[in-house]
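Novice: Structural data only, the sequence is not supplied:
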């Protein structure tokens, strides 16, 4: 008899591998194709980021329940909750831009378009 309890772990490993493959495709994609890929990832209804956020939310509830039973330290639940909120915030910030990315992915590249040589003034780098 097959041990069905290992299926979800194997599924998570397969999803991780698929995300790595998607990243490899993204690094080699044309700007329009890359925009289409990112647009699909950021789709607020059914995108990867939304699904990962939902998964983290479920994980946070698991951690909460496990902490209440005394099996995990409270810091685990706090960290999971913080990660869940941060992912939701990132998703909310990016929702405004997913349509622009999808639209860019549909439009042809104008001939002679050259990427800027210097970063835009809008680029802000965070110091760690």
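Specialist: On my side now, so go ahead. All of these numbers come straight from a predicted model, not from anything done at the bench.
Novice: Now do the contacts for the residue nearest to the spatial centre of the chain.
Specialist: Nearest to the geometric centre of the chain sits residue 49, at 3.5 Å (C-alpha atoms, centre = their mean). Counting by C-beta atoms under 8 Å, 6 or more residues apart in numbering, residue 49 touches 41-42, 87, 90-91, 94. (Each C-beta comes from the backbone N, C-alpha and C, glycine too.)
Novice: could you say which helix or strand contains it?
Specialist: Using DSSP states H and E, residue 49 sits within helix 48-68.
Novice: so what's residue 76 closest to, chain neighbours aside?
Specialist: Once flanking residues are discounted, residue 76 sits nearest to residue 63: 5.2 Å by C-beta to C-beta, 6 or more residues apart in numbering.
Novice: I'd guessed that neighbour sits against residue 75; true?
Specialist: No - between residue 63 and residue 75 there is no contact under C-beta atoms under 8 Å: 9.8 Å.
Novice: between these two, which one's more packed in?
Specialist: residue 63 (22 against 10; other C-beta atoms under 10 Å).
Novice: Could I get the contacting residues of that one?
Specialist: 72, 76-77, 80-81.
Novice: let's see it at 10 Å
Specialist: 71-81, 84 (C-beta atoms under 10 Å, 6 or more residues apart in numbering).
Novice: returning to that earlier point: and the helix holding residue 49, how far out from the chain middle?
Specialist: Between the centre of helix 48-68 and the centre of its chain there are 15 Å (C-alpha atoms, centre = their mean, to the nearest Å).
Novice: repeat for stretch 80-95
Specialist: For stretch 80-95, the distance to the chain centre is 10 Å (C-alpha atoms, centre = their mean).
Novice: Give the buried residues for that stretch.
Specialist: Across stretch 80-95, burial judged by 16 or more other C-beta atoms under 10 Å covers 80-81, 84, 87-88, 91, 94-95.
Novice: quick one on the thing from earlier: pLDDT score for the residue nearest to the centre of the chain?
Specialist: We note a pLDDT of 95 for residue 49 in this prediction.
Novice: repeat for residue 3
Specialist: 75.
Novice: how much space between it and residue 9?
Specialist: From residue 3 across to residue 9, the span is 10 Å (C-beta to C-beta, to the nearest Å).
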